[in-house]
Every structure is written in C-alpha cells, then in structure tokens.
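Undergrad: no FASTA, just this:
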C-alpha cells in the first residue's frame with residue numbers, strides 16, 4: 001500500500017469518486033490507500049459536497065510550507081514525552097479530529113478537543129492550545145466558548161491564576177445519557193403518531209415498530225452507560241505487552 005502524501009492525480013480521482021457518490025472505502029480501494037486517509041483528506045478540505053482537487057492540493061502545499069517555516073533548518077523536532085514520535089502523534093490527532101467532524105463537530109472545535117484529550121495533563125491554557133495548533137488565540141477562544149456551551153470542556157484557574165481548559169471523562173457518560181433521552185423523545189412522538197393515524201393502518205404499524213426499536217435502543221444505552229460509568233475513572237492495568245488485565 002503506497003505511503004506519503006496524496007498526489008494531485010489522486011485528489012482528482014477522489015473528486016471524481018465523490019461526484020459519483022462513491023463511499024470513502026471504495027475510493028480508498030481504487031487508490032490503494034487507507035480509508036482513513038481519504039476520509040481525512042475530504043473532511044479537512046470542505047467535506048464531500050465542497051471538495052475540489054485543485055484547492056485541496058494547494059491547501060496541502062500551503063500547510064507543508066508553513067510547517068517548514070515553523071521548523072528552522074538544522075533544528076530537530078523536540079522529543080515528546082514518553083518517547084512519542086511527534087509526526088505519528090500529529091497524524092493520530094488529525095484522524096481523531098476527522099472522526100469528530102464526521103459526527104458533526106466543527107473543525108476547529110474538533111482540533112481543540114482532541115488536543116485536550118491527548119495531553120497528559122488533561123488541561124491547557126489558551127496560549128498552549130494556540131501554539132500547538134498553530135492558530136490564533138481568537139480561534140481558540142471561539143472554539144472553547146462553543147465546547148463549553150456543549151458541556152465538553154470547563155474552565156479553571158491554576159496556581160498562577162491562569163485560565164486553563166479542562167476535559168472531563170464524565171462528558172462521555174453525560175453524552176450517552178443525553179442521547180438516550182433523545183431516543184426516548186423520538187419513541188414518544190412516534191407513538192403519538194400511532195394514535196393519530198389509527199392503530200390498524202400501515203402507517204401506524206410502521207410508527208409503532210419504530211417507537212419500539214428506538215425505545216429499546218435508548219433504554220439499552222442508559223443501562224450500559226450506568227453499568228460502565230466507573231470504567232471512565234478506572235486505571236487500566238497493563239502487561240508488558242500492553243494488554244489490559246481484567
């Protein structure tokens with residue numbers, strides 16, 4: 001499987017595949033590339049409806065040029081904590097952010113959230129976020145305001161009275177519970193349709209089946225979230241090979 005950056009010809013093939021409504025996996029298969037590479041390429045360059053090969057190629061060259069300017073010649077990238085490879089970490093952060101974007105979170109908000117999740121401290125200042133992401137403080141501020149409104153981050157002051165932004169594991173639990181409530185509301189409105197359309201009509205039968213399905217899924221989500229909540233705070237024990245022990 002080929003590696004390295006996508007070529008302009010490959011980007012043209014991606015654009016043609018999107019125009020033909022091909023799935024990312026099918027486009028990736030035709031190019032002999034990982035599906036994650038195609039997904040990340042499309043999502044960071046306008047999404048499936050706005051992707052243009054020429055603009056995507058120029059944007060990539062511009063980003064590469066900025067990275068070269070940010071790293072003076074003869075100076076190696078400083079080693080990361082725990083011997084991590086900086087380039088591998090960057091690729092992982094991009095893949096994580098792309099997945100969040102697919103779930104509907106805006107690009108900058110996704111990048112900020114991933115940055116907070118992947119820092120060992122679990123919190124960063126606005127200046128640290130701006131430096132890591134190579135964006136303006138205003139962009140960070142806007143992203144934090146949105147994430148805070150969604151309950152995904154919170155603010156606190158450190159010993160130097162600096163404002164830090166923190167991610168809490170409990171966000172995942174609260175998100176599951178919120179989704180379960182939405183399922184319950186969907187089931188309720190579907191059942192209202194049953195009584196309105198008449199219990200013996202095809203439409204009412206369809207809505208009743210939908211209501212039962214959605215209600216079951218929502219109840220299952222609530223039970224699973226309650227049972228697994230402690231997992232969010234458990235410290236996983238690992239063997240020397242990195243496998244978790246029960």
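TA: Thanks, I have it. Predicted model only: the values in this text are computed from it and were never measured.
Undergrad: quick one: contacts for the residue nearest the centre of the chain?
TA: Closest to where the C-alpha atoms of the chain average out (C-alpha atoms, centre = their mean) is residue 100, at 1.8 Å. Under the criterion of C-beta atoms under 8 Å, 6 or more residues apart in numbering, the contact partners of residue 100 comprise 109, 110, 113, 114. C-betas here are computed from N, CA, C, even on glycine.
Undergrad: So what touches the helix or strand hosting the second one?
TA: Applying DSSP states H and E as the criterion places residue 110 in helix 107-117. When contacts are defined by C-beta under 8 Å, 6+ apart, helix 107-117 is touched by residues 43-44, 93, 96-98, 100-101, 105, 122-124, 129, 132-133, 135, 139-140, 142-144, 146-147, 152-153, 165-167.
Undergrad: the helices in this protein, which residues?
TA: Counting by DSSP state H, the chain forms helices over residues 8-19, 24-31, 35-43, 53-70, 86-102, 107-117, 126-133, 137-149, 170-197, 202-228, given from the N-terminal end onward.
Undergrad: so how far is the last one off the chain centroid?
TA: The gap between where helix 202-228 is centred and where its chain is centred comes out at 26 Å by C-alpha atoms, centre = their mean, to the nearest Å.
Undergrad: Could you list the buried residues of that helix?
TA: Along helix 202-228, these residues count as buried under the neighbour rule (16 or more other C-beta atoms under 10 Å): 204, 207, 208, 210, 211, 214, 215, 218, 221, 222, 225.
Undergrad: I'd like to know which helix or strand in the protein has the lowest mean pLDDT.
TA: Lowest on mean pLDDT, DSSP states H and E among the helices and strands of the chain sits helix 53-70, with a mean of 71.
Undergrad: related to what we said a few turns ago, state the distance from the residue nearest to the centre of the chain to residue 214.
TA: Noted for residue 100: a distance of 24 Å to residue 214, by C-beta to C-beta, to the nearest Å.
Undergrad: Now the residue lying farthest from the centre of the chain. Its backbone dihedrals?
TA: Within the chain, the residue lying farthest from the chain centre (C-alpha atoms, centre = their mean) is residue 200, at 43.7 Å. For residue 200, the backbone dihedrals are phi -100, psi 10 (criterion: degrees, to the nearest 10).
Undergrad: and the gap between it and residue 154?
TA: Between residue 200 and residue 154 the distance, using C-beta to C-beta, works out to 52 Å.
Undergrad: ok, back up a step: of the helices of the chain, which approaches residue 160 most closely?
TA: For the helices of the chain, distance to residue 160 was read as C-beta to C-beta. The smallest value, 12.0 Å, belongs to helix 126-133.
Undergrad: Show me what that closest one is packed up against.
TA: Counting contacts by 3 or more C-beta pairs under 8 Å, 6 or more residues apart in numbering; DSSP states H and E, helix 126-133 packs against helix 107-117, helix 137-149, strand 163-166.
Undergrad: Out of the ones you listed, which is the most enclosed?
TA: Per-stretch averages of neighbours, counted by mean count of other C-beta atoms under 10 Å, single out helix 107-117 among the helices and strands packed on helix 126-133, with a mean of 22.
Undergrad: domain parsing for the protein?
TA: In the domain annotation for the chain, the residue ranges read 8-69, 84-166, 170-233 (automatic domain parsing).
Undergrad: Could you tell me the least trusted of these?
TA: The weakest mean pLDDT among the domains of the chain belongs to domain 8-69, with a mean of 84.
Undergrad: how many neighbours does residue 86 have?
TA: By the measure other C-beta atoms under 10 Å, the count of residues near residue 86 is 12.
Undergrad: Would you mark the buried spots in stretch 18-36?
TA: Within stretch 18-36, judged by 16+ other C-beta under 10 Å, the buried ones are 18, 22, 24, 27, 28, 31, 33.
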